[in-house]
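okay, predicted coordinates and the sequence, questions at the end:
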Amino acid sequence: MPLETSIVTAARAPEDAPLLAVPFGADLAPPVELPVPAAALLAHYEAKGEAGEIVEVPVARGETVGRVLLYGAGDGSPDALRKAGAALARRARGRDEISVVVPAGAVEGSLAAFAEGALLASYTFRIGETPAASRPVGTIRLVAGGAAGAEAGGDPGTVEAVEEEVARGRAVAGAVALARDLANTPSSVKTPAWLAERAAEQGVATRIWDEEELRAAGFGGILAVGQGSVNPPRLIQLSYEPEGGRADGHVVLVGKGITYDTGGLSLKPTEGMKFMKTDMAGGAVVIAVLGALAALGARVRVTGLVAAAENSFSGTAQRPSDVITQYGGRTVEVLNTDAEGRLVLADAMAYADAELDPDVMVDIATLTGAIGIALGKGLGAVFASDDELAARLVEAGEASGERLWRMPLVEDYVPALESSVADLANIEAGSTYGAGSITAALFLREFTGKRPWAHLDIAGVGRSTADEGLLSKGATGFGVRLLLEWLSGR
Ligand code: BES
Ligand code: MN
Ligand code: ZN
């Protein structure tokens, strides 16, 4: 659901704030009267001031009891404040508002990260009413002038600077929320055509290929994957141009948009299938990123491509052993219809190479279950043909809190994808090589035209099993923050 929590800034905290959060170590001048000195309280709870720690203290508020939350701000870095914001917003769920005194001398970007963390921890997706106790906090009041609002109180410069950062945090969090909403939407609603409609709402130019147009242009991979479904496939293109036409290069982002992945005739068991409504998470990230670039003032030209299809099980579905022709003419023997993501991505990437002349191509996809085994739920994978590009993406991952780990494109494994009847096979026929995530990446590389390219496999990090920190159960929107960081810093 779109983010409901609002963040406002103020020079001082309201005197009767029922819920007031103050960083550990701040100068607690009145009106914050604690029953025991703060230092003694923190020692008692063995709190160290780490980001995410909260010590709750009841305080008198006239006839009633208010609460002060002493919160850890760690080293004051964006990473730390993102965590602190998330922890406070979680603690304030079900309440109308919370006032938060921001740490003095927060470094640049920290308050944007605080807002981002607080808003993302407040994200919910629910069809029908949200129970009152888990409803996100209505308002977060960021107090920029210290606990008492004394020294910097009323300094409009301080409040203005905070507001600027909050605006950035809101734009990023809003984009993540959109990506989560798209991925959390049930596949009974989320057809390829529906996804194309959502893309067209992002305030950038779009071009949509329907089934007939896909056929006329030779998008054989997208068509083959989609042919088993009553919901026909689409290719979605979104174009962002920086204001004034002064673009620093052209980036193409390609997202896997499988609106449901049954596996096709290589059918998945129920246990694996029930999560596959989020198999368009990469495509959702591309749509959300394209929609947020203007608000962040990105100076690079970006084209987004989402290859959208439903991988269904039916009498019209493609068969293991079918040979398809990808965009551009390369033939592929489909040995396993569950390795469908690479078939739709290959079409979009070959098209980008032939028609869009990108300086850099980055694809993002819930591509292989194996990557979740290798890296778990906390790290995304980056494969890259270019060291500089890989380094920039890893850096953006660190800065945004969406961490990436570089994986190798092992040349010795290239023969795994040889076919006796076509140019390539979509999976290894035998089991000589293994490494399913690496061979999937090597398959994609065939369609990059040797341009600088990176592939993000987010199958492990695309979904969360718990409401924790910045994440809520279901889609994570992983990739939005890191790509926006990379593209807006370029
Ligand atoms: N969408 C899946 C990958 C996936 C698995 C995403 C688990 C999220 C969680 C993909 O299309 C797929 O089915 N991959 C197969 C590849 C295999 C057939 C070579 C897989 O990972 O098992
Ligand atoms: Mn699959
Ligand atoms: Zn899939």
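Cool, the structure landed. Remember, it's a predicted structure, so these values are computed and weren't measured experimentally. Numbering: from 1, shown residues only. Ligands and ions are numbered 1, 2, ... in the order given.

where do the helices sit along the stretch 51-200 of the chain?
78-91, 110-121, 156-184, 192-199 (DSSP state H, counting those that start in this stretch).

which residues sit against the second one?
Just to be clear, that refers to helix 110-121. 3, 5, 7, 76-90, 102-103, 106, 140, 142, 162, 165-166, 168-170, 172-174, 176-177, 401, 469-472, 481 (Cβ atoms under 8 Å, 6 or more residues apart in numbering). For the C-beta atoms, the positions are set from N, CA and C on the backbone; glycine is no exception.

switch the cut-off to 6 Å
With contact meaning Cβ atoms under 6 Å, 6 or more residues apart in numbering, helix 110-121 is reached by 3, 5, 7, 78, 81-82, 85-86, 89-90, 140, 162, 165-166, 168-169, 172-173, 176, 470.

could you give the mean pLDDT of that helix?
Mean pLDDT, helix 110-121: 97.

up against ligand 3, what does this structure have?
Counting by Cβ under 5 Å from the ion, the chain comes close to ligand 3 at Ile258, Asp261, Asp279, Gly341.

just the closest of the residues you listed to Met273, please.
Using Cβ to Cβ, Asp261 is the member of the residues of the chain next to ligand 3 that sits closest to Met273, with 7.5 Å.

now for the closest residue to ligand 3 within the chain: which residues touch it?
Going by Cβ to the ion, ligand 3 is nearest to Asp261 of the chain, at 3.8 Å. Contact analysis of Asp261 by Cβ under 6 Å, 6+ apart lists Met276, Asp279, Asn311.

phi and psi next, for it.
phi -120, psi 100 (degrees, to the nearest 10).

now do the same for it: its pLDDT.
98.

next: the one 3 residues further on.
Gly264 carries a pLDDT score of 98 in this model.

so it sits in a strand?
No - counting by DSSP: H, G, I helix; E, B strand; the rest coil, one finds Gly264 to be coil, located in no strand.

thinking it is in contact with Ala317, fair?
Yes - Gly264 lies in contact with Ala317 (Cβ atoms under 6 Å); the separation is 5.2 Å.

those two: who's more crowded?
Counted by other Cβ atoms under 10 Å, Gly264 and Ala317 do not tie: Gly264 has more neighbours, with 27 against 22.

ok, and the closest non-adjacent residue to that one?
Using Cβ to Cβ, 6 or more residues apart in numbering and skipping residues adjacent in sequence, the residue nearest Gly264 is Thr337, 3.2 Å away.

where does the one you found fall, phi/psi-wise?
phi -70, psi -10.

what does Lys256 give?
According to degrees, to the nearest 10, Lys256 has phi -80, psi 120.

who are the contact partners of it?
Lys256 sits next to Gly282, Gly283, Gly341, Leu345, Ala365 when contact means Cβ under 6 Å, 6+ apart.

can I take it that the second one is in a strand?
No - assigned with three-state DSSP, Gly283 falls outside any strand and is helix.

ignoring the adjacent residues along the chain, who's closest to it?
Closest to Gly283 by Cβ to Cβ, 6+ apart is Gly257, at 3.2 Å.

and the one you found, helix, strand or coil?
strand.

how's the protein carved up into domains?
Using automatic domain parsing, the domains assigned to the chain come out as 6-177, 185-488.

just the ones you listed: most buried one?
Highest mean neighbour count among the domains of the chain (mean count of other Cβ atoms under 10 Å): domain 185-488, with a mean of 21.

spell out which parts of this protein neighbour ligand 1.
Applying Cβ under 6 Å from any ligand atom, we find that the chain lies next to ligand 1 at 261, 275, 279, 336, 338-341, 366, 368-370, 427, 436, 459.

please, which helix or strand holds the closest residue to ligand 2 within the stretch 301-450 of the chain?
In the stretch 301-450 of the chain, the residue that lies nearest ligand 2 is Asp338 (3.9 Å; Cβ to the ion). For Asp338, there is no host helix or strand (DSSP states H and E).

distance of the closest residue to it other than its chain neighbours from Val225?
Closest residue to Asp338 apart from its sequence neighbours, by Cβ to Cβ, 6+ apart: Gly263 at 3.8 Å. Distance, Gly263 to Val225, by Cβ to Cβ, to the nearest Å: 11 Å.

what does Lys277 give?
According to Cβ to Cβ, Lys277 and Val225 sit 16 Å apart.

and if you look at Asp467?
33 Å.

contacting residues for Ala144?
Contacts for Ala144 (Cβ under 6 Å, 6+ apart) come out as Val102, Thr158, Val159, Val162.

which pLDDT value belongs to the first one?
At Val102, the predicted lDDT confidence score is 93.

what's the distance between it and ligand 2?
45 Å (Cβ to the ion, to the nearest Å).

for that residue, give me phi and psi.
Dihedral angles (degrees, to the nearest 10) for Val102: phi -80, psi 150.

can you pull the contacts of it?
Leu142, Ala144.

switch to 10 Å and redo it
Neighbouring residues of Val102 by Cβ atoms under 10 Å, 6 or more residues apart in numbering: 9, 21-23, 26, 73, 81, 84-85, 110-111, 114, 142-146, 158, 162, 165.

repeat that for the third one.
By Cβ under 10 Å, 6+ apart, the contact set of Val159 is Thr9, Ala10, Ala11, Leu142, Val143, Ala144, Gly145, Ala152.

switch the cut-off to 6 Å
Applying Cβ under 6 Å, 6+ apart, the residues near Val159 are Thr9, Ala11, Ala144.

same check, this time on Ile98
Leu19, Ala92, Val137, Ile140.

give me the pLDDT value at Asp357.
Note on Asp357: pLDDT of 98.

contacting residues around the nearest residue in space to it that is not next to it in sequence?
Of all residues not flanking Asp357 in the chain, His250 sits nearest, at 6.8 Å (Cβ to Cβ, 6+ apart). By Cβ under 6 Å, 6+ apart, the contact set of His250 is Arg301, Pro358, Asp359.

list the contacts for the last one?
Contacts for Asp359 were tallied using Cβ under 6 Å, 6+ apart; they are Gly249, His250.

list phi and psi for the residue located most distally from the centre of the chain.
Distance from the C-alpha centroid of the chain, by Cα atoms, centre = their mean, peaks at Glu63 (45.2 Å). Note on Glu63: backbone dihedrals following degrees, to the nearest 10 are phi -80, psi -10.
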